[in-house]
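Chemist: Pasting a predicted model and its sequence here:
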Amino acid sequence: MDTTSDHSSASPLQLPIIRVTDTDAMSSEQLPTLQQHTLFLESNPWLSDEALSDPKSNNPRHSSETSPMTPQAGSRTHPESAFLSLPREIRDMIYERYISDIDGFVYDPKTHGFMTTNGEPVNIPLAYTCRAIYDELWKRVCEVKSIIFYTAFSEETRQDAGLWHAGIHKLDLYKDHLVDVMARQFLTKKLEEEIASRYPQFKTILANWRSKCEVTMNSKGHDWGETPSIYRDFICHTLRTISKDPEFVRTGQKWVNGLWVPPHKYTVFRNIFELISLYPEPWKLPSKEEISRLERVSGVTQEGSAVVANERRFYHNDANYRYSAASVAIKFLEDPPIMVRKHIRNIRNIKLMEDRESIAHPECHIRGLIPHLREMPSLHVARHVNLWMTAYSFNNPRWDQVPFSSSSTIFSRSYRSLEFATKAIARWMTEANALKSLGMPSGAFTLLFDGNPYPELSHHVFRAVFQRDTAWQIALDMSYGSEDGLPQPSWLHRRRRLGYMYENTPSLVRDMNLGVGIIHCNFDIGHEHDAEAVVLECQHMDITGWMKKWREHQISWYDVELLLPNLRTLREKHLIPT
């Protein structure tokens, strides 16, 4: 949609008259000044043909490098302008009244401009009068209005986005496998201590490697109950650390040769360091060069992403690959539109509307905003994640290698249970909770789960499944080692069991129940379930009995579809129409 305003209609006769009549909110000092300057824009000398620029005219000053919403370089302000002689605080009040009907400014990445929340192009005729007013008005827009971002899709970028998504996931799996092989050979006591000092939550994994035990080789991207993006950081840091050993290259080449690449496929990376050194930031909108490099190293292509024999596909031609709203916002702050470029640090509120499933670990994309939030202490970011279109996976987030909706995941799993819904929600929660430790300023971010368009069903799922799953994790921990309870499992086995979400899930859900913290919902989430009652219910059962009991409280997608006949249509929005 073209968000550029039509300036052919912005003539002096059509500009609105501004009369300030509401003086109730003004101080006694402001009122006399304002009464001396009743404002009639239609008679003001700024509004000459010379001051207003028409991009459809043959004005030689107008070029593609000049925004149609920006006054031309030759536009003038009258030295005795009545409006500009008003105190700045009065002018700001007038600007606010002028834009009061615009709820928020929705950024359109296709046009690098703004729309209103109802999809209309933003048109602010007052901004075209002169450069001073233009700058002041857009500065006030940044200060008092929310800048809104949605997930971004276009047919032109769909393939690149899909290759970026698939390549990143393929890279993650390669590194999980490689580190498990190499760490058991090259992780010394000194290196173990160095890595553990930086990532203490993964001490047990390091100790297992030092004991020559397999840990991540067959984990298929399992994050072991810790923040997934920090787990990936840990894997990459470990590989870089142990790769300093002189024998690492030769052993690593044996690993490459052992991938069993079919004869018709080329070796995806010639040097093991190509794999180790490549760690793309998933929240970026990648360049063609970055996608090309990732494609070469990962071996993922549009034609066939199965590099190793008998491997599943990583790229699907029917998937609607989208960039997250957070990624679009990061690009906006790095390269803002011309109308707000001077005032980017005056932005106070950003809303990220994650209204569709997006690519490349979207739950962690807020990490890319941390440097901007540190530089802009007055900025607050609110991220809205839709449960039905974004947070709930239509595949299995626990075991699926490449979580993204395609026809093979949406339709073949239509009648699976929602047993992994809590895991999917908890992933977004644990990523949000980790932001403070990564440098996010206090009070700069909130996460909201949006239950629309089915708030009542959202309440039912949270009450019956989410709260129950949380109590189940607590109950399992209460049972371990207790009389008539379950035997204490190892660190690894405990975190691989059904019913375990993330280590901090119980505390985060407790905060949500109390209405505190940075994570909220726009629907009733029910109340906390009694974990002790779960323990009594499963008393004397072995782990098989616990797991059987756990599945009894899950809701199937079949039941959900009976309640929501149009849910299938909602899912199909993830796919390219055929």
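Modeler: Everything's here; your move. Residues are numbered from 1 along each chain as shown.

Chemist: any idea which element the nearest residue in space to residue 502 that is not next to it in sequence lies in?
Modeler: The shortest distance from residue 502 to any non-neighbouring residue, by C-beta to C-beta, 6 or more residues apart in numbering, is to residue 430 (4.5 Å). Where C-beta positions appear, they are placed from N, C-alpha and C, glycine not excepted. Assigned by DSSP states H and E, residue 430 falls within helix 421-434.

Chemist: How confident was the prediction at residue 14?
Modeler: Predicted confidence (pLDDT) at residue 14: the value is 38.

Chemist: quick check: domain ranges of the protein?
Modeler: If you go by automatic domain parsing, the domain ranges for the chain are 7-144, 155-298, 325-572.

Chemist: Out of these, which is closest to residue 315?
Modeler: The closest approach between residue 315 and any of the domains of the chain, judged by C-beta to C-beta, belongs to domain 155-298 at 4.4 Å.

Chemist: tell me how far the ends of that closest one are from each other?
Modeler: In domain 155-298, first residue to last residue: 23 Å (C-alpha to C-alpha, to the nearest Å).

Chemist: Which SSE is immediately downstream of the least confident helix or strand in the chain by mean pLDDT?
Modeler: Every helix and strand of the chain was ranked by mean pLDDT, DSSP states H and E. The lowest is helix 30-35, at a mean of 44. Read in the C-terminal direction, the helix or strand following helix 30-35 is helix 88-98, with elements assigned using DSSP H and E.

Chemist: So which elements touch that next one?
Modeler: Contacting helix 88-98 under the criterion 3 or more C-beta pairs under 8 Å, 6 or more residues apart in numbering; DSSP states H and E are the following elements: helix 30-35, helix 131-144.

Chemist: Packed most tightly, which of these would that be?
Modeler: Most buried of the helices and strands packed on helix 88-98 by mean neighbour count (mean count of other C-beta atoms under 10 Å) is helix 131-144; its value is a mean of 19.

Chemist: Any idea which of the helices and strands packed on helix 88-98 has the lowest pLDDT on average?
Modeler: Per-stretch averages of pLDDT across the helices and strands packed on helix 88-98 put helix 30-35 at the bottom, with a mean of 44.

Chemist: all helices of the stretch 401-550 of the chain, in order?
Modeler: Listed in chain order, the helices of the stretch 401-550 of the chain (DSSP state H, counting those that start in this stretch) span residues 407-410, 421-434, 455-461, 467-479, 491-496, 505-514, 531-537, 543-552.

Chemist: just for the stretch 451-578 of the chain, where's the confidence low?
Modeler: Along the stretch 451-578 of the chain, the model assigns pLDDT under 70 to residues 555-578.

Chemist: again but with the stretch 1-150 of the chain, I slipped
Modeler: Low-confidence regions of the stretch 1-150 of the chain, defined here as pLDDT under 70, cover residues 1-80.

Chemist: again, only using 80
Modeler: Residue ranges of the stretch 1-150 of the chain with pLDDT under 80: 1-81.

Chemist: what do you get for the stretch 151-300 of the chain?
Modeler: For the stretch 151-300 of the chain (pLDDT under 80), the answer is 214-222, 252-271.

Chemist: I'd say residue 352 and residue 386 touch.
Modeler: No. The pair formed by residue 352 and residue 386 falls short of the contact definition of C-beta atoms under 8 Å, at 11.4 Å.

Chemist: how distant is the helix ranked longest in the chain from the center of its chain?
Modeler: Taking DSSP state H as the criterion, the chain has its longest helix at helix 155-186. In this view, helix 155-186 has its centroid 19 Å away from the chain centroid, taken as C-alpha atoms, centre = their mean, to the nearest Å.

Chemist: Can you name every helix or strand that it contacts?
Modeler: Using 3+ C-beta pairs under 8 Å, 6+ apart as the contact definition, the elements that helix 155-186 packs against are helix 203-210, helix 228-242, helix 248-257, helix 272-277, helix 288-298.

Chemist: Please tell me how far the longest one is from the chain's geometric centre.
Modeler: Which is helix 228-242. On the basis of C-alpha atoms, centre = their mean, the separation between the geometric centre of helix 228-242 and that of its chain is 21 Å.

Chemist: Show me what it is in contact with.
Modeler: Contact partners of helix 228-242, identified using C-beta atoms under 8 Å, 6 or more residues apart in numbering, comprise 172, 175-176, 178-179, 182-183, 186-187, 191, 194-195, 198-199, 201-202, 206, 216, 223-224, 248, 276, 279, 361, 363-364, 367, 427, 430-431, 434, 438.

Chemist: Can I have the buried ones of those as a PyMOL selection?
Modeler: To isolate the buried ones among those in PyMOL, judged by 16 or more other C-beta atoms under 10 Å, type:
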select buried, resi 172+175+176+178+179+182+183+186+187+191+195+199+202+206+216+223+224+248+276+279+361+363+364+367+427+430+431+434
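
Chemist: Of residue 352 and residue 386, which one has the most company?
Modeler: Looking at residue 352 and residue 386 with other C-beta atoms under 10 Å, you find the greater number of neighbours at residue 352, namely 27 against 21.

Chemist: what's the distance between residue 432 and residue 248?
Modeler: Per C-beta to C-beta, to the nearest Å, residue 432 is found 36 Å from residue 248.

Chemist: who's in contact with the residue nearest to residue 434 when sequence neighbours are not counted?
Modeler: Closest residue in space to residue 434, ignoring its immediate chain neighbours: residue 227 at 4.2 Å, by C-beta to C-beta, 6+ apart. The neighbours of residue 227, taking C-beta under 8 Å, 6+ apart as the test, are 430-431, 433-434, 502.

Chemist: Let's see that with 7 Å instead.
Modeler: Residues near residue 227 by C-beta atoms under 7 Å, 6 or more residues apart in numbering: 430-431, 434.
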